[in-house]
Every structure is written in structure tokens, then in C-alpha cells.
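Undergrad: Provided below for reference: sequence and predicted model.
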Amino acid sequence: MGFRFGWERPLWFAPDGVEPRDDLTFRRPNWLEHVAEECRAVRQRVGVLDQTSFAKYEVRGLGAAAFLERLCANALPSADGRIAVTQMLTERGGIECELPLTRLAEDRYYVVRAAATEVHDLAWIERHLPDDDGVALEDVTARTGVLTVAGPRSRELLQALTDADLSNEAFPYMTARTIRLGSVPEVLALRISYEGELGWELHHPIEYLRHLYERLAEAGEPLGLVDFGYRALDSLRLEKGYRLWGADISPDVTPLEAGLERFVRLEGRDFVGRDALARQLDAGITRTLACLTVETDEALPHGDEPVFAEDRVVGHISAADRGHVVDATIALALLPVRWAAPGTSLEVEILGERHAATVVRAPLFDPDGERLRS
């Protein structure tokens, strides 16, 4: 188990006969192969992860939509039950927050964030609230449980517990619906996945958490359901090239530099940081977040390792992990544009030794996103 912002969370699951303990090392850890099994099981079958530690807020009121339009770099979801990924920016265009935003009603929105940023993001949103009573902001983290179900058999698993139509036509990617699952009368199911798989986040009253988990475990047994932890999640997200705020992106990095321009809508909108992004778009970026594969097996990068080109440091690793399904050691690094083209040969220093690295086109797994939309 590990922890984040006071929440105890599973890092990895020890199989029968294996002691659930981390042997601390800077080299190949004792848990690596067990995490690899979790990753393969999610990619091949279906897995469940308790993500109750997510920060969760509701923004509601007659002025909620106008308020969020002013704060978000992306356009808001256009209809009830739609989800949009967006950033909230500083005046200089840096990424202060990144989040999925779900429209529950014309005047009600649901925001989900990482556990570590609960107070940070809440404070940022509160700081920008209007002086009138047109917008209400409520932190609903402690009363809302979350179980994530991901993998090619996740629809089959959930369909065994509900009469709701979970087909791709009735419940497409990046939408949300309130459904009944087992004896849980209201589950806000978000079809979104940080694993890069067909999957749902199941948001529900926290008192139902144990019951819902037990029903999922029972229905999932014949499907090969596995528990997976946050270390597997880190590996899976890097295989998909997904960014993590506080590691790969921050107020010092703009969406254009992070390769997230698809989540920005400049035309006809006025939001915090817009002018800075427009200027950067006109001038062109000088650095970008690149994906590397590193030739190493025993000494694995973890983050902050220097990246070399022509025997000088040109950047640092922001995050890295073993991609167990794609069979590569993956790293993200903010690099000058001239060193970030796919195919560029670089070096990464790990524990005092240089290792060959190559810039690759991300994502390495399912580049067209077919599994997400299946």
C-alpha cells in the first residue's frame, strides 16, 4: 500500500506465496514482474482499481457555465452527459490544473482531479469565483467512492450487473450516465480511461463502496478479473503517452509545449491564459514534451535523470516506467524542439551511467485509440 494526500491506496498486489513488501532499491525492484502481470491482465481481460482518492467537486448555479468558460482552455461539454478534458491556465499560459469536466445539467458540472491536488485545485477555482451568488462550488470527495473498471472485457463485466444499455452506440466514449449497478441505485458512470482501454469510472455514494467491489469481484471471476494498483496504472498511462500534472506538466509548461493543443479552443473565446497561448502559437514553441525509449533493463529511470545530446544536457526525464505490454522502458522529457523529432538518438544518465535513448512517436500502445472507442 502507498498513500496520497492521506488516502491509503494499493500500489501492487502480491500473488499467493509472495510477501507483500517492497525491497527498496534503485535498480530492478522485486515487485516489477507482479506489476507486469497486472498490466497484461488489464490489457487482455479486465481489472478493477479503487480510485476513491480522486478529488471531486461540483460546480453549479446559473452562472456555472459562464464561470467555467472563463477558466477553461477547452470549450465546455455541449450537452448533458458529455465529458471534455481541459486545462485551467495561468495568465502566462502555464497549466495550473488539468481535468475531465462532465456536464450533468445546464447549470451543474462535475470535476475530477488527482488526489494530490485536491486542495490546490479547489483553491484555484475558489480564487476565481465571482462575487455574486451565481456559482456554488462544493468538494464532494469524502462522500464519493470511485471504482475504475478497465480492459476489453469491462463492458461484459458491467453488463452482468445492470439493465442499462452499455453498448458503444448507447454509451459512447467520453460520455457519462447515471445507472444502477447491482444494489447500488445511482452510479455516475464516466466512460473515460487513464489506462487507454475500454473502461468506466464508477462514481457512487461511498457507503456502497464495499458492496459494489464485492459484486464486481463476483461477476468478474469467470472473466479473469484482476485487482491492479497504481504502479500498473503508471505503466499503462505511459504506454499511452498520457501526461501527469506535477510531473510532466505544470504551471511552467503550456498546453502547446505539452502536446495538448487538441484540448485548447482559442477561436471566439476569452479565458485565463488565452492571450499568452495565442502569442506562443504565433511565435512557435522552442521546446516540447517528447517520448523516449531507453535501452536499460536493470537500472530503471524514475524521473529527473539528465538527457544528453552531443555530450551536453538538453533536458531531464519528467516521468519514466517500464512499459510491460509494449516491452520497452518509456520516459517523457521536455526537450528543445531540435532534439525532439522521432528517431533522434539521445542518452539518459541513470545511476552515473549513460544509456542509449531514442525519441519515438507516442503513444506506443494503440496509437489510434481504437480500444478506447471499442
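TA: Everything's here; your move.
Undergrad: how about residue 293, what does it touch?
TA: Neighbouring residues of residue 293 by CB atoms under 8 Å, 6 or more residues apart in numbering: 328, 329, 330, 331, 357, 358, 360, 364. Using the backbone N, CA and C atoms, a C-beta is placed for each residue, glycine as well.
Undergrad: repeat that with 7 Å
TA: Contacts of residue 293 were listed using CB atoms under 7 Å, 6 or more residues apart in numbering, and they are 328, 329, 330, 357, 358, 360.
Undergrad: and it, that's in a strand?
TA: Yes: assessed with DSSP: H, G, I helix; E, B strand; the rest coil, residue 293 lies in a strand.
Undergrad: count of residues packed around the nearest residue to it once chain neighbours are set aside?
TA: With sequence-adjacent residues excluded and distances taken as CB to CB, 6 or more residues apart in numbering, residue 293 is closest to residue 328, at 4.6 Å. If you count neighbours by other CB atoms under 10 Å, residue 328 ends up with 19.
Undergrad: Show me the beta-bridge partners of residue 328.
TA: Applying DSSP bridges to residue 328 gives these bridge partners: residue 323.
Undergrad: Spatially central residue for the protein, please.
TA: residue 194 (4.3 Å; CA atoms, centre = their mean).
Undergrad: so how far is residue 239 from it?
TA: Separation of residue 194 from residue 239 (CB to CB, to the nearest Å): 11 Å.
Undergrad: can you list residues touching both of these two?
TA: Contacts common to residue 194 and residue 239, judged by CB under 7 Å, 6+ apart, are absent.
Undergrad: Return the residues in contact with residue 52.
TA: Residue 52 neighbours (CB under 7 Å, 6+ apart): 145, 146, 206, 209.
Undergrad: From those, keep the buried residues only.
TA: 145, 146, 209 (16 or more other CB atoms under 10 Å).
Undergrad: okay but the first one is in contact with residue 209, surely?
TA: Spelled out, it's residue 145. Yes: with contacts counted by CB atoms under 7 Å, residue 145 reaches residue 209, the gap being 3.7 Å.
Undergrad: those strands in the stretch 151-300 of the chain, which residues are they?
TA: 176-181, 184-190, 199-205, 226-227, 287-294 (DSSP state E, counting those that start in this stretch).
Undergrad: between the first one and strand 199-205, how big is the angle?
TA: Orientation check (axes from the mean of the first three to the mean of the last three CA atoms, to 10 degrees): strand 176-181 against strand 199-205 gives 70 degrees.
Undergrad: Cross the contacts of residue 52 against helices and list the overlap.
TA: residue 209 (DSSP state H).
Undergrad: pretty sure residue 23 is in a helix, no?
TA: No: under the criterion used here (three-state DSSP), residue 23 is coil, not part of a helix.
Undergrad: ok, now how distant is the residue nearest to it when sequence neighbours are not counted from residue 135?
TA: Excluding the flanking residues, the one nearest residue 23 by CB to CB, 6+ apart is residue 30, at 4.4 Å. Applying CB to CB, the value for residue 30 to residue 135 is 49 Å.
Undergrad: which stretches of the stretch 151-300 of the chain form helices?
TA: All helices of the stretch 151-300 of the chain, identified by DSSP state H, counting those that start in this stretch, fall at 154-159, 209-220, 230-239, 274-283.
Undergrad: and residue 192, how far is that from residue 102?
TA: 9 Å.
Undergrad: which residues are common contacts for those two?
TA: residue 83.
Undergrad: And the two? Which one has more around it.
TA: Neighbours were counted for residue 192 and for residue 102 using other CB under 10 Å; residue 102 has more, 24 against 19.
Undergrad: sec struct for that one, please.
TA: Quick answer, by three-state DSSP: residue 102 is strand.
Undergrad: List the residues that contact it.
TA: 77, 83, 109, 110, 176, 190.
Undergrad: From residue 233, how far off is it?
TA: 20 Å.
Undergrad: Neighbour count for residue 30 and residue 135, which is higher?
TA: residue 135 (20 against 15).
Undergrad: residue contacts, that one?
TA: 59, 61, 63, 64, 67, 129.
Undergrad: Please repeat the previous calculation with a cut-off of 8 Å.
TA: 59, 60, 61, 63, 64, 67, 129.
Undergrad: Ok, residue 229 next?
TA: So residue 229 contacts 9, 10, 11, 12, 13, 35, 38, 49 (CB under 8 Å, 6+ apart).
Undergrad: Show the buried residues in those.
TA: 9, 10, 11, 12, 13, 35, 38, 49.
Undergrad: export the residues you listed to JSON lines and tack on pLDDT and distance to residue 20?
TA: Listed next are the buried ones among the contacts of residue 229 as JSON lines, based on pLDDT from 0 to 100; distance: CB to CB, whole Å:
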{"residue": "9", "pLDDT": "96", "distance to residue 20": "14"}
{"residue": "10", "pLDDT": "97", "distance to residue 20": "10"}
{"residue": "11", "pLDDT": "98", "distance to residue 20": "9"}
{"residue": "12", "pLDDT": "98", "distance to residue 20": "8"}
{"residue": "13", "pLDDT": "98", "distance to residue 20": "8"}
{"residue": "35", "pLDDT": "98", "distance to residue 20": "13"}
{"residue": "38", "pLDDT": "98", "distance to residue 20": "13"}
{"residue": "49", "pLDDT": "98", "distance to residue 20": "16"}
